[in-house]
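K.L.:
all I have is the shape, not the residue letters:
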């Protein structure tokens, strides 16, 4: 048994059981991958994959158990490699953050700037997607951490920690009738066509739930993943926008006004997610602490060791 065999098994699953694509991803030959997998199956005495002719189609029951062990072993190997790299160069390396557009555009710039000033030799990458996509990026080791709202909290294999709270705001043109109301209600908001986030983003589920429990069916005119897009169409007079409060800037958005509506849709919590058992380089701890100073290394390690109820906002 060798690491190449384990790597081939993992990549075959990641490439949807296409050995040709697995071979390409690992810069080797398809026959070599196939032979190595067969040799591993013979050594273990079980079939890892179901087959139709020479093609593999899926995992057998013992194959699923083998894959779990393979993932753990490869994670430990990757951790050993990172330890070596970290002690060889404490303040340099690569760091990949998977996050949503709202976080990347509005919440992270100052944190990223502070981090890069502290670690100028670190090559930082930002990958964007919806919460499900960025969680999968961390699970597949394509990113070190993910940052999004509560949506990333429920993924198996990820540990998530709360960073900061925020609320939605209603955005309207300068002379809009809603600005004249002392206390805005869901019923009054529902009188207008709405422009807000796609269902996968920025607390949209809370918006929908708030209307549902009041038996209201708002007219969602447009859905977007980008608050700037929402604000653009609100400026055109096409409807009322609902966006994350962090996405509104009174100086930049001079043609709009914002009405805080946390009391209607509830508070949202942005979270940072880490793969369970992952090895974190020292500067990743620093970045997380820049997000929230209470999330120090001791706190993070405590949660990573299974004490998940030791911290909350």
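P.N.:
Cool, got the structure. What you are looking at is a predicted structure, and each value in this text was computed from that prediction instead of being measured.
K.L.:
CA only for contacts and neighbour counts going forward, please
P.N.:
Fine.
K.L.:
first to last residue in stretch 275-287, what's the distance?
P.N.:
Distance across stretch 275-287, first residue to last, is 16 Å (C-alpha to C-alpha, to the nearest Å).
K.L.:
how far does it sit from the chain's center?
P.N.:
Counting by C-alpha atoms, centre = their mean, to the nearest Å, stretch 275-287 is centred 15 Å from the centre of its parent chain.
K.L.:
oh, and call the first residue 782 from now on, that's how I've got it
P.N.:
Sure, I'll start counting at 782 from here, so that last one is stretch 1056-1068.
K.L.:
what does it contact?
P.N.:
Around stretch 1056-1068, the neighbours that count as contacts under C-alpha atoms under 8 Å, 6 or more residues apart in numbering are 856, 860, 863-864, 867, 871-872, 876, 892-893, 896, 900, 919-920, 925-926, 938-940, 1077-1078, 1081, 1085.
K.L.:
where does the prediction get shaky in this protein?
P.N.:
Counting by pLDDT under 70, the chain contains low-confidence ranges at 864-871, 983, 1088-1094.
K.L.:
name the residue closest to the centre of it, please.
P.N.:
With the centre of the chain defined as its mean C-alpha position, the nearest residue by C-alpha atoms, centre = their mean is residue 915, 3.3 Å away.
K.L.:
mind listing what that residue touches?
P.N.:
Applying C-alpha under 8 Å, 6+ apart to residue 915 gives the contacts 879-881, 908-909, 927.
K.L.:
so which of the residues you listed belong to helices?
P.N.:
Assignment to helices by DSSP state H places none of those there.
K.L.:
as TSV, those residues with neighbour count would be great.
P.N.:
As requested, the contacts of residue 915 are exported to TSV (neighbours: other C-alpha atoms under 10 Å):
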residue	neighbour count
879	29
880	27
881	24
908	17
909	19
927	30
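K.L.:
and those, which is closest to residue 1070?
P.N.:
Nearest to residue 1070, judged by C-alpha to C-alpha, of the contacts of residue 915 is residue 927 at 14.4 Å.
K.L.:
any idea how far that closest one lies from residue 1000?
P.N.:
The gap separating residue 927 from residue 1000 is 32 Å, by C-alpha to C-alpha.
K.L.:
about what we covered before: for the contacts of residue 915, give me TSV that also has distance to residue 1015.
P.N.:
Conversion of the contacts of residue 915 to TSV gives the following (distance: C-alpha to C-alpha, whole Å):
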residue	distance to residue 1015
879	29
880	25
881	22
908	28
909	24
927	30
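K.L.:
any idea which helix is longest in this structure?
P.N.:
Using DSSP H to assign secondary structure, the helix with the most residues in the chain is helix 842-869.
K.L.:
so residue 815 makes contact with residue 801?
P.N.:
No. Applying C-alpha atoms under 8 Å, one finds residue 815 not in contact with residue 801, separated by 9.4 Å.
K.L.:
and these two? Which one has more around it.
P.N.:
Regarding residue 815 and residue 801, a neighbour count based on other C-alpha atoms under 10 Å identifies residue 815 as having more, with 20 against 16.
K.L.:
are we agreed that the more buried one is in a helix?
P.N.:
Yes. When classified by DSSP: H, G, I helix; E, B strand; the rest coil, residue 815 is found to be part of a helix.
K.L.:
gap between the closest residue to it other than its chain neighbours and residue 824?
P.N.:
Counting by C-alpha to C-alpha, 6 or more residues apart in numbering, residue 815 lies nearest to residue 800, which is 7.1 Å off, once chain neighbours are set aside. According to C-alpha to C-alpha, residue 800 and residue 824 sit 20 Å apart.
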